[in-house]
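Q: Next come a sequence and a model predicted from it.
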Amino acid sequence: MSFSLKNKVALITGSTRGLGLGIAECLADAGAKLALNYHGNREVAEKARELLQSRGAHVMVVRADVTNQEQVSSMVEAVEEKFGSVDVIVPNATGPQPQKPIEEYDSDFYREMYDFFVLSPFLLAQSALPGMKKRKWGRIINITSEVFHASVPQFTAYVAAKGGQIGWSRSLSVELASTGITVNTVAPGWIPTDRHVDDPQEDKDAYLSTIPMGRWGSPKDVGQAVRYFASEEASFVTGQTLCVNGGRTPW
């Protein structure tokens, strides 16, 4: 199987719906054992687990606030107890994403964005790296966003945090390059999921008109990019950002 992840253990945060679930499905198809993280809705998490198990995947669900050091450490320990050491980490969990003028933001929200997109990947990596370094194999794949490359206005807190996440990934990729651990990022464009169901149709139409490929992306498109970065075939690729947005950011 190309891009096989057989016998690999993948921990994906925010993975019980939307993009996270799409990523989980692709890694399950590659043969990975999956740890699905959620924070709020146990019922949704169980439905995701049942869906993936129906496709033959080995799955567990773990509740944790990914911005809390103690909870992240406990989550990684729980995964290791059930499946063994974590091979692949995909920080995907996110908070609210409002667009508004700079004057309407406050410092607490800026900190929240930093916590989700810089602190959380750090906590996850720090918890899983001992096992990865011992095996001299690991994959850290951050889900960032095209917004950093596209300089989206009235989105400063989110864009700044995503830029920080990309910068963190690049720095860590060099730090870990000699250990057999790669660090890359996948930067999706706007891919409608359940969280976008109430977005204005005119906004969706306007965005769609800017996609050179002329179609919406899907969670599977993002998941396949993650699967590549997680695979052995990508063992010589690190510190890179792959934009999955139908050609909106070709530079």
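A: Looks like it came in fine.

Q: Taking the centroid of the protein, which residue is nearest it?
A: residue 92 (2.9 Å; CA atoms, centre = their mean).

Q: host element of that one?
A: Taking DSSP states H and E as the criterion, residue 92 maps to no regular element, lying outside all helices and strands.

Q: And residue 15, by the same measure?
A: For residue 15, there is no enclosing helix or strand under DSSP H and E.

Q: Please apply the same query to the one 10 residues further on.
A: Under the criterion DSSP H and E, the helix or strand holding residue 25 is helix 18-29.

Q: buried stuff in stretch 221-232?
A: Going by neighbour count (16 or more other CB atoms under 10 Å), the buried part of stretch 221-232 is 221, 222, 223, 224, 225, 226, 227, 228, 229, 230, 231. C-betas here are computed from N, CA, C, even on glycine.

Q: in the protein, what spans have low per-residue confidence?
A: Counting by pLDDT under 70, the chain shows low-confidence ranges at 1, 251.

Q: Mind jotting down where the helices sit in it?
A: 18-29, 42-54, 69-83, 107-114, 120-135, 147-150, 156-176, 201-208, 219-230 (DSSP state H).

Q: quick one: contacts of the second one?
A: The contact list for helix 42-54, computed with CB atoms under 8 Å, 6 or more residues apart in numbering, reads 15-17, 21, 24-25, 28, 34, 36, 38, 59-61, 63.

Q: Measure how it sits relative to helix 18-29, angle-wise.
A: Using axes from the mean of the first three to the mean of the last three CA atoms, to 10 degrees, one finds that helix 42-54 and helix 18-29 are set 30 degrees apart in direction.

Q: Just give me how far helix 42-54 sits from the chain centre.
A: The chain centre lies 18 Å from the centre of helix 42-54; the measure is CA atoms, centre = their mean, to the nearest Å.

Q: could I get the contacts of helix 42-54 as a markdown table with distance to residue 241 and neighbour count?
A: Supplementary listing: these in a markdown table, determined by distance: CB to CB, whole Å; neighbours: other CB atoms under 10 Å:
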| residue | distance to residue 241 | neighbour count |
| --- | --- | --- |
| 15 | 21 | 29 |
| 16 | 25 | 25 |
| 17 | 24 | 20 |
| 21 | 22 | 24 |
| 24 | 21 | 30 |
| 25 | 23 | 21 |
| 28 | 24 | 23 |
| 34 | 24 | 28 |
| 36 | 25 | 26 |
| 38 | 26 | 24 |
| 59 | 29 | 20 |
| 60 | 30 | 17 |
| 61 | 29 | 18 |
| 63 | 30 | 16 |
